[in-house]
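J.: Take this sequence and fold it.
(chains A and B)
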There are 2 protein chains.
Amino acid sequence: MIEVEVKVRALPDTLEKIISLGAIFAGTENHRDLYFNSPWRDFRKSDEALRIRIKEEGARLTYKGPKLDQETKTRKELTARIDSPEEMAEVLGALGFVLSAEVRKRRTKYALGDVTFALDEVEELGSFIEVEISGQADFEEQRRRVLSLLEKLGPGESIRSSYLELLEEKARKESAIANDYPP
Amino acid sequence: MIEVEVKVRALPDTLEKIISLGAIFAGTENHRDLYFNSPWRDFRKSDEALRIRIKEEGARLTYKGPKLDQETKTRKELTARIDSPEEMAEVLGALGFVLSAEVRKRRTKYALGDVTFALDEVEELGSFIEVEISGQADFEEQRRRVLSLLEKLGPGESIRSSYLELLEEKARKESAIANDYPP
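T.: Here you go, the predicted model:
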(Lines give C-alpha, C1' and ligand atoms only; values in the text may rest on other atoms or scores of the structure.)
Protein backbone atom coordinates (compact mmCIF):
# COMPACT_ATOMS: atom_id res chain seq x y z
CA MET A 1 0.00 0.00 0.00
CA ILE A 2 1.14 3.53 -0.73
CA GLU A 3 0.31 6.03 1.96
CA VAL A 4 0.24 9.65 0.74
CA GLU A 5 0.79 11.84 3.75
CA VAL A 6 1.89 15.34 4.68
CA LYS A 7 2.52 16.86 8.08
CA VAL A 8 2.53 20.44 9.37
CA ARG A 9 2.81 22.10 12.77
CA ALA A 10 -0.68 22.61 14.21
CA LEU A 11 -1.60 26.28 14.74
CA PRO A 12 -4.22 27.51 17.21
CA ASP A 13 -6.86 27.67 14.45
CA THR A 14 -5.95 24.45 12.57
CA LEU A 15 -8.57 22.24 14.18
CA GLU A 16 -11.26 24.85 13.48
CA LYS A 17 -10.24 24.89 9.81
CA ILE A 18 -10.35 21.07 9.57
CA ILE A 19 -13.87 21.02 10.98
CA SER A 20 -14.97 23.86 8.68
CA LEU A 21 -13.87 21.68 5.71
CA GLY A 22 -16.56 19.22 6.83
CA ALA A 23 -14.33 16.65 8.55
CA ILE A 24 -15.96 14.59 11.28
CA PHE A 25 -14.44 13.44 14.61
CA ALA A 26 -13.33 9.83 14.20
CA GLY A 27 -11.81 8.87 17.54
CA THR A 28 -8.69 9.25 19.64
CA GLU A 29 -5.80 6.83 20.07
CA ASN A 30 -2.75 6.69 22.30
CA HIS A 31 0.33 5.51 20.42
CA ARG A 32 3.49 4.10 21.91
CA ASP A 33 5.93 3.59 19.05
CA LEU A 34 9.12 1.57 19.40
CA TYR A 35 11.60 2.21 16.60
CA PHE A 36 14.30 -0.27 15.69
CA ASN A 37 17.40 0.26 13.65
CA SER A 38 19.31 -2.28 11.62
CA PRO A 39 22.98 -3.08 12.26
CA TRP A 40 23.42 -3.79 8.52
CA ARG A 41 22.06 -0.62 7.03
CA ASP A 42 21.43 2.52 9.08
CA PHE A 43 17.70 3.27 8.61
CA ARG A 44 18.40 6.96 9.33
CA LYS A 45 20.55 7.03 6.19
CA SER A 46 18.46 4.67 4.05
CA ASP A 47 15.27 6.59 5.05
CA GLU A 48 13.56 3.39 6.18
CA ALA A 49 11.80 2.64 9.46
CA LEU A 50 10.92 -0.45 11.45
CA ARG A 51 8.37 0.19 14.15
CA ILE A 52 6.22 -1.60 16.68
CA ARG A 53 3.15 0.55 17.35
CA ILE A 54 1.19 -0.23 20.49
CA LYS A 55 -2.29 1.24 20.75
CA GLU A 56 -5.52 0.41 22.56
CA GLU A 57 -6.89 -1.82 19.79
CA GLY A 58 -3.69 -3.85 19.46
CA ALA A 59 -0.14 -3.80 18.18
CA ARG A 60 1.40 -3.82 14.71
CA LEU A 61 4.82 -4.27 13.21
CA THR A 62 5.37 -1.80 10.37
CA TYR A 63 8.10 -1.39 7.80
CA LYS A 64 8.35 1.92 5.96
CA GLY A 65 10.42 2.26 2.83
CA PRO A 66 12.24 5.40 1.67
CA LYS A 67 10.14 8.44 0.78
CA LEU A 68 9.06 8.50 -2.87
CA ASP A 69 8.94 12.24 -3.61
CA GLN A 70 10.28 15.57 -2.38
CA GLU A 71 7.10 17.25 -1.13
CA THR A 72 5.20 14.65 0.86
CA LYS A 73 6.00 11.82 3.26
CA THR A 74 4.69 9.24 0.78
CA ARG A 75 6.35 5.86 1.07
CA LYS A 76 5.77 2.14 0.81
CA GLU A 77 4.31 0.84 4.03
CA LEU A 78 3.93 -2.81 5.05
CA THR A 79 2.24 -3.75 8.28
CA ALA A 80 1.51 -6.93 10.20
CA ARG A 81 -0.72 -7.23 13.24
CA ILE A 82 1.02 -8.89 16.17
CA ASP A 83 -0.32 -10.32 19.41
CA SER A 84 2.46 -9.37 21.75
CA PRO A 85 4.75 -6.38 21.21
CA GLU A 86 7.11 -7.75 23.89
CA GLU A 87 7.52 -11.07 22.07
CA MET A 88 8.07 -9.32 18.74
CA ALA A 89 10.63 -6.96 20.28
CA GLU A 90 12.50 -10.01 21.60
CA VAL A 91 12.51 -11.68 18.16
CA LEU A 92 13.72 -8.46 16.50
CA GLY A 93 16.45 -8.17 19.13
CA ALA A 94 17.60 -11.76 18.51
CA LEU A 95 17.76 -11.02 14.76
CA GLY A 96 20.11 -8.11 15.49
CA PHE A 97 17.74 -5.13 15.32
CA VAL A 98 18.35 -2.50 17.97
CA LEU A 99 15.68 -0.49 19.80
CA SER A 100 16.67 3.07 18.93
CA ALA A 101 13.85 5.28 20.20
CA GLU A 102 10.39 5.47 21.64
CA VAL A 103 7.78 8.03 20.54
CA ARG A 104 4.57 8.60 22.49
CA LYS A 105 1.65 10.61 21.25
CA ARG A 106 -2.08 11.18 21.49
CA ARG A 107 -3.80 11.17 18.08
CA THR A 108 -7.26 12.63 17.46
CA LYS A 109 -8.64 11.71 14.04
CA TYR A 110 -11.06 13.54 11.76
CA ALA A 111 -12.41 11.96 8.58
CA LEU A 112 -13.38 13.66 5.33
CA GLY A 113 -14.30 10.95 2.83
CA ASP A 114 -11.13 8.97 2.15
CA VAL A 115 -8.97 11.64 3.80
CA THR A 116 -7.87 11.43 7.42
CA PHE A 117 -6.69 14.43 9.41
CA ALA A 118 -4.75 13.40 12.49
CA LEU A 119 -4.09 15.93 15.25
CA ASP A 120 -1.03 14.53 17.01
CA GLU A 121 0.09 15.73 20.42
CA VAL A 122 3.59 14.30 20.58
CA GLU A 123 5.49 14.06 23.87
CA GLU A 124 8.47 16.45 23.87
CA LEU A 125 7.59 17.81 20.38
CA GLY A 126 4.17 19.51 20.53
CA SER A 127 1.17 19.42 18.16
CA PHE A 128 1.08 18.47 14.49
CA ILE A 129 -1.49 17.74 11.81
CA GLU A 130 -1.04 14.86 9.41
CA VAL A 131 -3.20 14.73 6.27
CA GLU A 132 -3.37 11.25 4.78
CA ILE A 133 -5.02 9.43 1.89
CA SER A 134 -4.58 5.67 1.81
CA GLY A 135 -5.65 3.51 -1.03
CA GLN A 136 -4.98 2.08 -4.42
CA ALA A 137 -5.92 5.20 -6.42
CA ASP A 138 -3.57 7.15 -8.66
CA PHE A 139 -0.60 8.39 -6.64
CA GLU A 140 -0.22 11.75 -8.45
CA GLU A 141 -3.91 12.54 -8.07
CA GLN A 142 -3.78 11.71 -4.32
CA ARG A 143 -0.67 13.80 -3.89
CA ARG A 144 -2.36 16.83 -5.49
CA ARG A 145 -5.43 16.43 -3.26
CA VAL A 146 -3.37 16.13 -0.09
CA LEU A 147 -1.27 19.20 -0.95
CA SER A 148 -4.38 21.21 -1.82
CA LEU A 149 -6.01 20.31 1.52
CA LEU A 150 -2.82 21.29 3.27
CA GLU A 151 -2.95 24.73 1.63
CA LYS A 152 -6.43 25.28 3.03
CA LEU A 153 -5.12 24.69 6.55
CA GLY A 154 -2.80 27.68 6.47
CA PRO A 155 0.75 28.79 5.90
CA GLY A 156 2.52 25.95 7.70
CA GLU A 157 5.39 24.37 5.81
CA SER A 158 5.23 20.65 5.05
CA ILE A 159 7.48 18.72 7.46
CA ARG A 160 8.92 15.62 5.86
CA SER A 161 10.81 14.48 8.95
CA SER A 162 9.23 11.76 11.02
CA TYR A 163 8.58 12.30 14.74
CA LEU A 164 11.50 9.98 15.31
CA GLU A 165 13.77 12.24 13.24
CA LEU A 166 12.41 15.38 14.93
CA LEU A 167 13.15 13.85 18.35
CA GLU A 168 16.67 12.88 17.26
CA GLU A 169 17.24 16.41 15.92
CA LYS A 170 15.98 17.91 19.20
CA ALA A 171 18.32 15.65 21.20
CA ARG A 172 21.26 16.69 19.00
CA LYS A 173 20.48 20.39 19.48
CA GLU A 174 20.07 20.03 23.25
CA SER A 175 23.32 18.13 23.49
CA ALA A 176 25.06 20.87 21.41
CA ILE A 177 23.71 23.57 23.76
CA ALA A 178 24.84 21.58 26.80
CA ASN A 179 28.32 21.31 25.28
CA ASP A 180 28.45 25.05 24.52
CA TYR A 181 27.72 25.97 28.14
CA PRO A 182 29.48 23.53 30.39
CA PRO A 183 28.61 23.89 34.10
CA MET B 1 12.52 -20.18 26.89
CA ILE B 2 14.85 -23.10 26.45
CA GLU B 3 13.40 -25.99 24.53
CA VAL B 4 15.16 -29.33 25.21
CA GLU B 5 14.45 -31.55 22.25
CA VAL B 6 15.76 -34.65 20.53
CA LYS B 7 14.68 -36.25 17.30
CA VAL B 8 14.98 -39.78 15.90
CA ARG B 9 13.68 -41.62 12.85
CA ALA B 10 10.37 -43.29 13.70
CA LEU B 11 10.46 -47.11 13.46
CA PRO B 12 7.41 -49.31 12.91
CA ASP B 13 7.10 -49.97 16.68
CA THR B 14 7.94 -46.46 17.96
CA LEU B 15 4.35 -45.30 18.44
CA GLU B 16 3.51 -48.49 20.34
CA LYS B 17 6.47 -47.84 22.67
CA ILE B 18 5.41 -44.25 23.31
CA ILE B 19 1.91 -45.38 24.26
CA SER B 20 3.29 -48.17 26.47
CA LEU B 21 5.22 -45.47 28.40
CA GLY B 22 1.82 -44.05 29.34
CA ALA B 23 1.69 -41.12 26.90
CA ILE B 24 -1.74 -39.90 25.88
CA PHE B 25 -2.90 -38.72 22.43
CA ALA B 26 -2.91 -34.92 22.46
CA GLY B 27 -4.04 -33.91 18.98
CA THR B 28 -2.83 -33.56 15.42
CA GLU B 29 -1.65 -30.45 13.60
CA ASN B 30 -0.72 -29.63 10.03
CA HIS B 31 2.35 -27.40 9.83
CA ARG B 32 3.40 -25.27 6.91
CA ASP B 33 6.77 -23.76 7.81
CA LEU B 34 8.35 -20.94 5.84
CA TYR B 35 12.05 -20.52 6.53
CA PHE B 36 13.88 -17.27 5.91
CA ASN B 37 17.57 -16.64 5.65
CA SER B 38 19.44 -13.45 6.40
CA PRO B 39 21.58 -11.68 3.79
CA TRP B 40 23.92 -10.49 6.59
CA ARG B 41 24.73 -13.77 8.28
CA ASP B 42 23.97 -17.13 6.71
CA PHE B 43 21.68 -18.91 9.19
CA ARG B 44 22.88 -22.28 7.86
CA LYS B 45 26.36 -21.38 9.09
CA SER B 46 25.36 -19.54 12.26
CA ASP B 47 22.95 -22.40 13.16
CA GLU B 48 20.04 -20.01 13.59
CA ALA B 49 16.57 -20.14 12.08
CA LEU B 50 13.81 -17.67 11.32
CA ARG B 51 10.49 -19.31 10.61
CA ILE B 52 6.84 -18.51 10.05
CA ARG B 53 4.79 -21.54 11.11
CA ILE B 54 1.23 -21.70 9.84
CA LYS B 55 -1.08 -24.17 11.52
CA GLU B 56 -4.81 -24.51 12.08
CA GLU B 57 -4.89 -22.53 15.34
CA GLY B 58 -2.89 -19.61 13.90
CA ALA B 59 0.54 -18.48 12.83
CA ARG B 60 3.74 -17.63 14.68
CA LEU B 61 7.05 -16.03 13.91
CA THR B 62 9.88 -17.92 15.61
CA TYR B 63 13.57 -17.24 16.00
CA LYS B 64 15.84 -20.13 16.99
CA GLY B 65 19.34 -19.51 18.25
CA PRO B 66 22.33 -21.84 17.78
CA LYS B 67 22.19 -25.26 19.46
CA LEU B 68 23.55 -25.27 23.01
CA ASP B 69 25.02 -28.76 23.29
CA GLN B 70 26.29 -31.68 21.19
CA GLU B 71 23.65 -34.33 21.91
CA THR B 72 20.27 -32.61 21.71
CA LYS B 73 18.63 -29.93 19.60
CA THR B 74 18.37 -27.61 22.61
CA ARG B 75 18.40 -23.95 21.71
CA LYS B 76 17.03 -20.57 22.62
CA GLU B 77 13.63 -20.08 21.03
CA LEU B 78 11.66 -16.86 20.81
CA THR B 79 8.21 -16.80 19.32
CA ALA B 80 5.57 -14.21 18.55
CA ARG B 81 2.02 -14.90 17.46
CA ILE B 82 1.09 -13.10 14.26
CA ASP B 83 -2.26 -12.47 12.62
CA SER B 84 -1.27 -12.79 8.99
CA PRO B 85 1.65 -14.89 7.76
CA GLU B 86 1.42 -13.15 4.36
CA GLU B 87 1.81 -9.68 5.91
CA MET B 88 4.71 -10.84 8.07
CA ALA B 89 6.43 -12.48 5.09
CA GLU B 90 6.15 -9.16 3.23
CA VAL B 91 7.68 -7.22 6.13
CA LEU B 92 10.53 -9.75 6.43
CA GLY B 93 11.10 -9.47 2.67
CA ALA B 94 11.27 -5.67 2.85
CA LEU B 95 13.82 -5.95 5.68
CA GLY B 96 16.02 -8.08 3.42
CA PHE B 97 15.22 -11.59 4.65
CA VAL B 98 14.89 -14.18 1.91
CA LEU B 99 12.42 -17.08 1.82
CA SER B 100 14.74 -20.08 1.58
CA ALA B 101 12.54 -23.15 2.03
CA GLU B 102 9.14 -24.51 2.90
CA VAL B 103 8.61 -27.59 5.07
CA ARG B 104 5.21 -29.29 5.35
CA LYS B 105 4.36 -31.94 7.88
CA ARG B 106 1.59 -33.59 9.84
CA ARG B 107 2.31 -33.76 13.58
CA THR B 108 0.54 -36.11 15.98
CA LYS B 109 1.25 -35.30 19.61
CA TYR B 110 1.34 -37.51 22.70
CA ALA B 111 1.73 -36.08 26.21
CA LEU B 112 3.43 -37.65 29.22
CA GLY B 113 3.42 -35.09 32.02
CA ASP B 114 5.60 -32.20 30.89
CA VAL B 115 7.03 -34.26 28.02
CA THR B 116 5.65 -34.11 24.48
CA PHE B 117 6.26 -36.82 21.91
CA ALA B 118 5.60 -35.58 18.39
CA LEU B 119 5.22 -38.06 15.56
CA ASP B 120 6.04 -36.01 12.47
CA GLU B 121 5.22 -37.18 8.96
CA VAL B 122 7.32 -34.81 6.90
CA GLU B 123 6.72 -34.35 3.16
CA GLU B 124 9.68 -35.74 1.18
CA LEU B 125 11.50 -36.94 4.34
CA GLY B 126 9.36 -39.56 6.09
CA SER B 127 8.47 -40.13 9.76
CA PHE B 128 10.30 -38.87 12.85
CA ILE B 129 9.73 -38.66 16.58
CA GLU B 130 10.62 -35.54 18.53
CA VAL B 131 10.81 -35.72 22.32
CA GLU B 132 10.55 -32.33 23.96
CA ILE B 133 10.46 -30.80 27.43
CA SER B 134 9.69 -27.11 27.60
CA GLY B 135 9.90 -25.08 30.74
CA GLN B 136 11.98 -23.16 33.18
CA ALA B 137 13.41 -26.20 35.03
CA ASP B 138 17.09 -27.11 35.24
CA PHE B 139 18.50 -27.63 31.75
CA GLU B 140 20.87 -30.52 32.64
CA GLU B 141 18.10 -32.39 34.43
CA GLN B 142 15.74 -31.96 31.45
CA ARG B 143 18.44 -33.06 29.06
CA ARG B 144 19.03 -36.27 31.03
CA ARG B 145 15.30 -37.02 31.12
CA VAL B 146 14.88 -36.47 27.38
CA LEU B 147 17.87 -38.68 26.53
CA SER B 148 16.65 -41.41 28.88
CA LEU B 149 13.19 -41.38 27.26
CA LEU B 150 14.84 -41.54 23.87
CA GLU B 151 16.73 -44.67 24.90
CA LYS B 152 13.46 -46.38 25.81
CA LEU B 153 12.18 -45.79 22.28
CA GLY B 154 14.86 -47.95 20.70
CA PRO B 155 18.17 -47.90 18.91
CA GLY B 156 17.60 -44.84 16.68
CA GLU B 157 20.38 -42.31 16.67
CA SER B 158 19.61 -38.74 17.73
CA ILE B 159 19.31 -36.47 14.69
CA ARG B 160 20.40 -32.94 15.41
CA SER B 161 19.66 -31.61 11.94
CA SER B 162 16.44 -29.72 11.47
CA TYR B 163 13.92 -30.80 8.83
CA LEU B 164 15.08 -27.80 6.87
CA GLU B 165 18.68 -29.06 6.97
CA LEU B 166 17.59 -32.61 6.09
CA LEU B 167 15.68 -31.30 3.08
CA GLU B 168 18.68 -29.23 1.97
CA GLU B 169 20.95 -32.28 2.37
CA LYS B 170 18.52 -34.42 0.35
CA ALA B 171 18.43 -31.79 -2.42
CA ARG B 172 22.26 -31.68 -2.49
CA LYS B 173 22.49 -35.49 -2.75
CA GLU B 174 19.86 -35.68 -5.49
CA SER B 175 21.63 -32.98 -7.42
CA ALA B 176 24.96 -34.84 -7.02
CA ILE B 177 23.38 -38.07 -8.30
CA ALA B 178 21.86 -36.22 -11.26
CA ASN B 179 25.31 -34.82 -12.06
CA ASP B 180 26.96 -38.28 -11.81
CA TYR B 181 24.57 -39.81 -14.33
CA PRO B 182 23.87 -37.31 -17.04
CA PRO B 183 21.15 -38.38 -19.48
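J.: List, one by one, the residues from chain A near chain B.
T.: Residues of chain A lying near chain B by CB under 8 Å from any CB of the partner chain: A:38-40, A:50, A:61-63, A:65, A:76, A:78-84, A:87-88, A:90-91, A:94-96. All C-beta atoms are positioned from the backbone trio N, CA, C, and that covers glycine.
J.: Buried only: go through these for me.
T.: A:38, A:50, A:61, A:63, A:78-80, A:82, A:87-88, A:91, A:94-95 (16 or more other CB atoms under 10 Å in any protein chain shown).
J.: who's residue A:82 bridged to?
T.: residue A:59, residue B:82 (DSSP bridges).
J.: For it, give its distance to residue A:51.
T.: In this view, residue A:82 and residue A:51 are 11 Å apart by CB to CB, to the nearest Å.
J.: what's the burial count for the residue lying closest to residue A:161 once chain neighbours are set aside?
T.: Closest residue to residue A:161 apart from its sequence neighbours, by CB to CB, 6 or more residues apart in numbering or on different chains: residue A:169 at 7.0 Å. For residue A:169, the count of nearby residues is 12 (other CB atoms under 10 Å in any protein chain shown).
J.: so what does the helix or strand that residue A:117 is a member of touch, helix or strand wise?
T.: Under the criterion of DSSP states H and E, residue A:117 resides in strand A:115-122. Applying 3 or more CB pairs under 8 Å, 6 or more residues apart in numbering or on different chains; DSSP states H and E, we find strand A:115-122 packed against helix A:14-20, strand A:98-112, strand A:126-135, helix A:139-153, helix A:163-180.
J.: Contacts made by stretch A:26-43 with the rest, please.
T.: A:44, A:48-57, A:85, A:89, A:92, A:96-111, A:116, A:163-164, B:39-40, B:95-96 (CB atoms under 8 Å, 6 or more residues apart in numbering or on different chains).
J.: Likewise for stretch A:153-164?
T.: A:6-9, A:11, A:13-14, A:17-18, A:33, A:35, A:49, A:67, A:71-73, A:100-101, A:103, A:105, A:120, A:122, A:125, A:128-129, A:131, A:147, A:150, A:166, A:169.
J.: the bottom helix or strand of chain A by mean pLDDT?
T.: The weakest-scoring helix or strand in chain A, judged by mean pLDDT, DSSP states H and E, is strand A:2-9 (a mean of 81).
J.: mind listing what that one pairs with, with the direction of each?
T.: For strand A:2-9, pairing defined by DSSP bridges yields strand A:75-82 (antiparallel), strand A:126-135 (antiparallel).
J.: Kindly reformat those strands as JSON lines containing mean pLDDT.
T.: Shown next, in JSON lines, are the strands paired with strand A:2-9 (pLDDT from 0 to 100):
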{"stretch": "strand A:75-82", "mean pLDDT": "91"}
{"stretch": "strand A:126-135", "mean pLDDT": "88"}
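J.: quick one, phi psi at the residue most central in space within chain A?
T.: Centroid-nearest residue in chain A, with CA atoms, centre = their mean: residue A:162, separated by 5.3 Å. Backbone torsions of residue A:162, given as degrees, to the nearest 10, read phi -80, psi 170.
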